[in-house]
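need coordinates for the below:
(one chain, ligands or ions: 1)
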Amino acid sequence: MSQTFAAQGLNAYAGDAHAVQDVSVSFAAGQLSAVIGPNGAGKSTLLRAMLGLTPPHSGAVELLGQPLAAWTRTERARQLAYLAQTEALPLDAQVRDIVALGRGAGEWKWGLFPVRPWSEEDEAAVLDAMTRTDTLAFAERRISELSGGEAQRAALARALAARPHFLILDEPTNHLDLAYALDVMRYLRAEVDRGVGVIAVLHDLNLAARADHLVLLHGGRVLAAGTPAQVLTPQNLQAAYGVRVEVVQAGERLVIVPVE
Ligand SMILES: Nc1ncnc2c1ncn2[C@@H]1O[C@H](COP(=O)(O)OP(=O)(O)OP(=O)(O)O)[C@@H](O)[C@H]1O
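I've put the predicted structure just below:
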């Protein structure tokens, strides 16, 4: 079975904009993939189209070698966890309950029917997700009582609690200071080490340089895909962002420095 989440010849619209144009990408389990590209390049629309949240206009999406449409909604939700760009968490909810939402259980609290009864496995998954995101210490606090960075971690814990095969995150380090951003990258790497396929939209190219696999979008198309060394070249970045950069090797990692 192919351990990938992949798209072939994908076209998708955002409103009336043809935001994703003939995109073919493949994201592997056990890899940290970053989707990069300038504002408006189509990054969010690509992820949403692959998740079926914005129905694609044409093309194919396959999850673990099966067409996405062949998966039931419940199975799909178990395999794919999504953390949107702007997660509107209920401000008066406790962190623990937010994380529990990731299990598809406990939803009665929000006026919905529970999908299934709460189990010991649910309890363990919630505890585990909070441990791995360092949110256990404020499990009983309300979202309104957290800093932006702490709330972001709670949202990440909710996604991890689902124990998905693929974790898809739209700008998970947005608005985070350097230390918090590096923490999030560390949490994501730990998921990858457990075999999860992590796919993150990242704006900070120096964080993206920590990924295993990069997809650079420009104008709705793939401008380059491959390892950081293959994608993060001055030529590619000039073509995508219109900015001259130097790419410097710093230890094992590449560092991108704008030179204008
Ligand atoms: N609801 C909409 N109606 C019309 N055009 C839209 C809509 N949403 C997005 N677009 C356009 O689609 C294109 C792709 O948007 P998308 O949000 O996918 O880009 P992005 O790469 O994620 O951008 P950013 O980095 O700014 O979040 C942009 O040109 C955007 O203006």
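
how about residue 129, what does it touch?
Residue 129 sits next to 99, 102, 135, 157-158, 160-161 when contact means Cβ atoms under 8 Å, 6 or more residues apart in numbering. For glycine as for every other residue, the C-beta is placed from the backbone atoms N, C-alpha and C.

please read the previous query as pertaining to residue 57.
Neighbours of residue 57 in contact, by Cβ under 8 Å, 6+ apart: 11-13.

filter the residues you listed by proximity to the ligand?
Filtering these for proximity to the ligand (criterion: Cβ under 6 Å from any ligand atom) leaves nothing.

if we can go back for a sec, among the contacts of residue 129, name the ones in helices.
Counted as lying in helices by DSSP state H, out of the contacts of residue 129, are 99, 157-158, 160-161.

between those residues, which is closest to the ligand?
Using Cβ to the nearest ligand atom, residue 158 is the member of the ones in helices among the contacts of residue 129 that sits closest to the ligand, with 21.3 Å.

what number of residues lie near that closest one?
For residue 158, the number of neighbouring residues by other Cβ atoms under 10 Å comes to 26.

would you agree it is in contact with residue 98?
Yes - because the distance of 5.4 Å satisfies Cβ atoms under 8 Å, residue 158 is recorded as touching residue 98.

all strands of the stretch 101-250 of the chain, in order?
Assigned strands in the stretch 101-250 of the chain, in chain order: 166-170, 197-201, 213-218, 221-226, 245-250 (criterion: DSSP state E, counting those that start in this stretch).

tell me the gap between the third one and the middle of its chain.
Strand 213-218 has its average C-alpha position 14 Å from the chain's average C-alpha position, going by Cα atoms, centre = their mean, to the nearest Å.

so for that strand, mean pLDDT?
Looking at strand 213-218 alone, the average pLDDT works out to 98.

angle of that strand against strand 221-226?
Interaxial angle, strand 213-218 versus strand 221-226 (axes from the mean of the first three to the mean of the last three Cα atoms, to 10 degrees): 160 degrees.

not counting its neighbours along the chain, what's nearest residue 241?
Once flanking residues are discounted, residue 241 sits nearest to residue 38: 5.3 Å by Cβ to Cβ, 6 or more residues apart in numbering.
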